[in-house]
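Asker: one predicted model, sequence on top.
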Amino acid sequence: MAVKIHQEVGPGLLETVYEIILAHGLRQRGLLVERQVPIAIEYQGLKFEEGFQADLLVEDKVIIELKSVETLNNAHKEQLLTYLRLTDKRLGYLLNFGEALMKHGIIRTVNRLEENS
């Protein structure tokens with residue numbers, strides 16, 4: 001769906017534009033999608049009611065982090081992994097709508113990947 005949105009709308013718009021369009025498209029497919037979900041975190045007994053906001057949370061299972069930058073860097077990837085660890089979610093996608101070709105801007109991240117022996 002991200003590739004189709006990128007082809008139809010084009011690269012380089014504000015992240016919010018892609019967030020709204022993607023959320024709408026996923027809802028049309030019957031998925032439960034929440035936008036800008038505040039996530040509480042705890043650190044050494046301190047509780048932060050809003051440690052971060054997930055751009056999109058799909059079916060309370062998948063975090064989608066959206067960017068609209070020229071190039072993703074390791075900090076972007078680590079940010080999503082941190083979100084997954086803090087929420088104990090297993091799957092996340094980092095989507096960069098700033099790429100010239102969307103297929104280069106899709107990164108799948110898995111938390112606690114268990115390898116089969």
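Answerer: Yep, it's here.
Asker: distance check, T87 against M1.
Answerer: 22 Å (CB to CB, to the nearest Å). Placement of C-beta: from N, CA and C, glycine included.
Asker: if you count surrounding residues, which of the two has more?
Answerer: Set side by side, T87 and M1 show more neighbours around T87, with 21 against 12, by other CB atoms under 10 Å.
Asker: grab the nearest non-local neighbour of the more buried one.
Answerer: Excluding the flanking residues, the one nearest T87 by CB to CB, 6 or more residues apart in numbering is I39, at 5.8 Å.
Asker: check which helices and strands the helix or strand harbouring P38 sits against.
Answerer: Using DSSP states H and E, P38 sits in strand 33-43. Counting contacts by 3 or more CB pairs under 8 Å, 6 or more residues apart in numbering; DSSP states H and E, strand 33-43 is packed against helix 15-28, strand 46-58, helix 74-87.
Asker: kindly recompute the last result at 6 Å.
Answerer: helix 15-28, strand 46-58 (3 or more CB pairs under 6 Å, 6 or more residues apart in numbering; DSSP states H and E).
Asker: so for the first one, what gets flagged as buried?
Answerer: Buried positions in helix 15-28, judged by neighbour count with 16 or more other CB atoms under 10 Å: E15, Y18, E19, I21, L22, A23, L26.
Asker: repeat for stretch 98-106
Answerer: For stretch 98-106, the neighbour count (16+ other CB under 10 Å) marks G98, E99, M102, G105 as buried.
Asker: now do stretch 31-38
Answerer: Buried residues in stretch 31-38, defined by neighbour count with 16+ other CB under 10 Å: V33, R35, V37.
Asker: show me what the second one is bridged to.
Answerer: With DSSP bridges as the criterion, the beta-bridge partners of R35 are L56.
Asker: now A54. Nearest residue, chain neighbours left out?
Answerer: Spatial nearest neighbour of A54, excluding adjacent residues (CB to CB, 6+ apart): V37 at 4.5 Å.
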